[in-house]
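Asks: I would like to see how this sequence folds:
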Amino acid sequence: MALRGRSSQNDAVQRDHARLVEQRRQLLALSHRERLARVLGARRPRQLVQSLPAQELYLTVRGLDREEALPLLAHASRHQLEFLIDVDAWVGDDLDPQRLGTWLESFAEAAPDLLVRWLLEADEDAVVLALSRLLHVYKLDPSTDEDFWPPDDRPLATLDNVYFVEGREGIADAALRALWSGLDQLRAERRDVFEALLEQVLWIIPAEREEQAFEQRAKRMAALGFPELDEALEVWAAGPEADPGVRRRRAEQARALPAPDEPGEAGGGRDRPGPPLPALAASIAPALIKQAARRLSDPVRERVAHDLVRLANRFAVAGLGHLGDPSTHAEALRTALSHVNLGLIELSSTASNGVADAAAHERSDSGGDVEDLSARALAGLPIIELNRLGVGAVIERARRAARLATRGWLSRVHLARERLDAELDALLEGLTQPRPTLAQPGVSARAFCTAEDLAVADARLATIEALGELLEQRLDAGRDELRELRAGLAARKGPNDIEWSSVALTSLARRALGEAVRPVPLDEPQAREAIARLLSADATPSPLFFELAAELDLTGAAEFLGRRLSEDAAAVLAGSAADPRYVRALLFAIGS
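Replies: Now for the predicted structure:
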């Protein structure tokens, strides 16, 4: 009977645990306000709140109005409370008194005993350092040095006529009132702890306590996936995966991975597939990750989500943003998802015959095989390895850009960078940053994410390389100005106002007119005739355009140059006289 009783109790515990896991899974899929409503309506709200990862609780609290979030704080565990302080109140290697005071005020408002719980249970070094950042402490006692006695020129607060406290300059009155109330309650419940804390604040050696508290905080943060900066920067490390041959071999190995558990297996539950990822990740995750995640069982999907968050936390540290800013977490998660997505694309690109075909495949409605391989990879490969594959693809392009900028024609030709077209220069600028991004004019730089992003970078890098070939090999460009550009040009304000695409297209136009390959500025009739030969009736590049581009070794730039010429064709071919101010593709002579 006793064994059967214990067995029944174990079964009940297991059922309760499974129920809590399911409730947490559902909670993580909700928005911040929906989470609050679900918690307030729960039968065991404290258990549900404390089941949340500390980081998710923090982001939920920050996503709500301060007063709205108080019921969640009231149920937080010691470790969750510590994380709230660790992630937001630390700035650099020290506690920020204003941020700290705001949190202690919220603790006091959330529940009568919450601030006392933090004083009693949180890391002692952190508590002592926090109190020292908010209060001056004095002690009126015959055995204490008179230098530590309270000053007699102003009244000070005291609870026992022995320890006197005074708020430091700049600390909000509301925070001081909350702390005073907490200390009063602490003295009533645990006078020994009250006196020990104030004694330590009285005798504190700031540098030592700062170092000790910071070290303990670093350990707690590392346990949650926020490592020290040097380790975090490894997510951007240029390992062997920057070699496309290495990535191809990884892709071949990935195809041998076993199929993952289906959503109906291993506790997944086919009748309730649920969201593919927690709310924030699901809202910003690329389609391929979401589609692949739907093929995973719940336990595997949760493990993948957990690993994605830990990877994102490393990107957050590496990005040097303040960890208390929710946008830092969102941007880091977006970066992690983007690079993992690229990793999955790299694994499938061997089946797609390279990035360009993968980009076309990405835009199509098909993709079952790619999704299947991606699901196998998410289930069978470490997330950090998928990140390395994605980062490797970006670093390959970044190295190519760096070679062009520092050792290629851009370092040898007069005004080389200044005359790059804006979108080409933006790409180079983004790729040559310590943490490479995809940059485009007028748009915020972002992480590379899709096969199309890689294809855009490849096309623009090929354009820059082809322009260099033309300039150095055909036009003998070097440290001195090209002779055709020394005279005044119509509608050009200065030498930096000339783009290399205009030089290349003017050279193509001269060649289309049967002349030598030189960027001699055109008059209007010459421009009309050249465009008529280089463009088809529908204003797209003609066969002659591509033929001449190949002759001038401009094949790599042909798509870019053809688009630029097509954009300006209407301004030249219109019935009225062409206005050179609105034509960027060709160089016009003054008076044309």
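
Asks: Next one: the closest residue to Gly170 other than its chain neighbours from Leu573, what distance?
Replies: When the adjacent residues along the chain are set aside, Gly170 lies closest to Pro97, with 6.9 Å between them (Cβ to Cβ, 6 or more residues apart in numbering). Heads up, the C-betas are built off the backbone N, CA and C, glycines and all. Separation of Pro97 from Leu573 (Cβ to Cβ, to the nearest Å): 68 Å.

Asks: just to revisit the earlier point, contacting residues for the residue nearest to Gly170?
Replies: Arg133, Leu134, Arg168, Gly170, Ile171 (Cβ atoms under 8 Å, 6 or more residues apart in numbering).

Asks: if I pick the third one, what's in contact with it?
Replies: Looking back up the chat, that one is Arg168. For Arg168, the contacting residues are Pro97, Arg133, Leu134, Leu135, His136, by Cβ under 8 Å, 6+ apart.

Asks: Could you rerun that using 7 Å?
Replies: Pro97, Leu134, Leu135, His136 (Cβ atoms under 7 Å, 6 or more residues apart in numbering).

Asks: Run through the bridge partners of Val165.
Replies: For Val165, the beta-bridge partners are Val137, Ala157 (DSSP bridges).

Asks: what's it in contact with, if anything?
Replies: So Val165 contacts Leu135, His136, Val137, Leu156, Ala157 (Cβ under 7 Å, 6+ apart).

Asks: Need the pLDDT of the residue nearest to the second one when sequence neighbours are not counted.
Replies: When the adjacent residues along the chain are set aside, His136 lies closest to Glu166, with 4.5 Å between them (Cβ to Cβ, 6+ apart). Turning to Glu166, the model gives it a pLDDT of 90.

Asks: hmm, back to that, are any of the contacts of Pro97 buried, and which?
Replies: Taking 16 or more other Cβ atoms under 10 Å as the criterion, what is buried in the contacts of Pro97 is Arg133, Leu134, Ile171.

Asks: Name the nearest of these relative to Leu587.
Replies: Arg133 (64.3 Å; Cβ to Cβ).

Asks: now that closest one: how far from Val91?
Replies: 11 Å.

Asks: quick one on the thing from earlier: please name whichever of the contacts of Val165 scores lowest on pLDDT.
Replies: For the contacts of Val165, the pLDDT minimum is Leu156, 77.

Asks: still on that earlier bit, looking at the contacts of Pro97, which one is closest to Gly562?
Replies: Gly170 (62.3 Å).

Asks: if I look at that closest one, how far off is Val91?
Replies: Following Cβ to Cβ, the distance that separates Gly170 from Val91 is 15 Å.

Asks: Doesn't Ala509 belong to a strand?
Replies: No: under DSSP: H, G, I helix; E, B strand; the rest coil, Ala509 falls outside any strand and is assigned helix.

Asks: Next up, the contacts around it.
Replies: Here Ala509 is in contact with Leu522, Ala527, Ala530, Leu534, Leu586 (Cβ under 7 Å, 6+ apart).

Asks: Generate TSV for the residues you listed, with pLDDT as supplementary columns.
Replies: Output for the contacts of Ala509, formatted as TSV (pLDDT from 0 to 100):
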residue	pLDDT
Leu522	91
Ala527	90
Ala530	94
Leu534	96
Leu586	89
